[in-house]
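S.K.: Sequence first, then the predicted structure, then my questions.
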Amino acid sequence: MKSILDPSFRYTSSVQTDLGRTFDRIRRELRAREKPDANSQLGQSKVWLECDSQLIDIESVDAVGIREPVPGVELVKFICPRCHQRHESLRFR
């Protein structure tokens, strides 16, 4: 986001704002943030399988979602590759 002090900043009044376009841009930006980079920590993470008590690479599962109930703790919801059921696990780095 540009600063209001940036000389290239152009003010758009609320009457002229296209909300549909604005929300499309926001959705694109959020999707780009959610995609894990191959070298990111998410790519190097592990999750615990409840069904057989193993730690496996997070890349081996189909992630359904990630939530952060408290700062610094991430829970991953995913479809288990072994039993094909939904699991939730702490993300281990």
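M.R.: On my side now, so go ahead. Numbering: from 1, shown residues only.

S.K.: Looking at the chain, which strand is longest?
M.R.: strand 62-70 (DSSP state E).

S.K.: That one pairs with which strands, parallel or anti?
M.R.: strand 73-79 (antiparallel) (DSSP bridges).

S.K.: Quick check: buried residues in the partner strand?
M.R.: Using 16 or more other Cβ atoms under 10 Å as the test for burial, strand 73-79 gives E74, V76, F78. For glycine as for every other residue, the C-beta is placed from the backbone atoms N, C-alpha and C.

S.K.: swap in stretch 84-93?
M.R.: Neighbour-count burial for stretch 84-93 [16+ other Cβ under 10 Å]: H87, S89, R91.

S.K.: Just the CA coordinates for the helix or strand where E29 lies, please, in PDB.
M.R.: Take DSSP states H and E as the rule and E29 turns out to sit in helix 19-34. Backbone C-alpha positions of helix 19-34 (Å, rounded to 0.1, in the frame of the first residue of the first chain) are rendered in PDB as follows:
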ATOM      1  CA  LEU A  19     -15.800  -1.900  -4.600                       C
ATOM      2  CA  GLY A  20     -16.000  -5.000  -6.800                       C
ATOM      3  CA  ARG A  21     -12.600  -4.200  -8.300                       C
ATOM      4  CA  THR A  22     -11.200  -3.400  -4.800                       C
ATOM      5  CA  PHE A  23     -12.400  -6.700  -3.300                       C
ATOM      6  CA  ASP A  24     -11.000  -8.600  -6.300                       C
ATOM      7  CA  ARG A  25      -7.600  -7.100  -5.800                       C
ATOM      8  CA  ILE A  26      -7.700  -7.900  -2.100                       C
ATOM      9  CA  ARG A  27      -8.700 -11.600  -2.800                       C
ATOM     10  CA  ARG A  28      -5.800 -11.900  -5.300                       C
ATOM     11  CA  GLU A  29      -3.400 -10.500  -2.700                       C
ATOM     12  CA  LEU A  30      -4.600 -12.900   0.000                       C
ATOM     13  CA  ARG A  31      -4.400 -15.900  -2.400                       C
ATOM     14  CA  ALA A  32      -0.800 -14.900  -3.300                       C
ATOM     15  CA  ARG A  33       0.100 -14.800   0.400                       C
ATOM     16  CA  GLU A  34      -1.400 -18.200   1.100                       C
END
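
S.K.: Lovely, talk soon.
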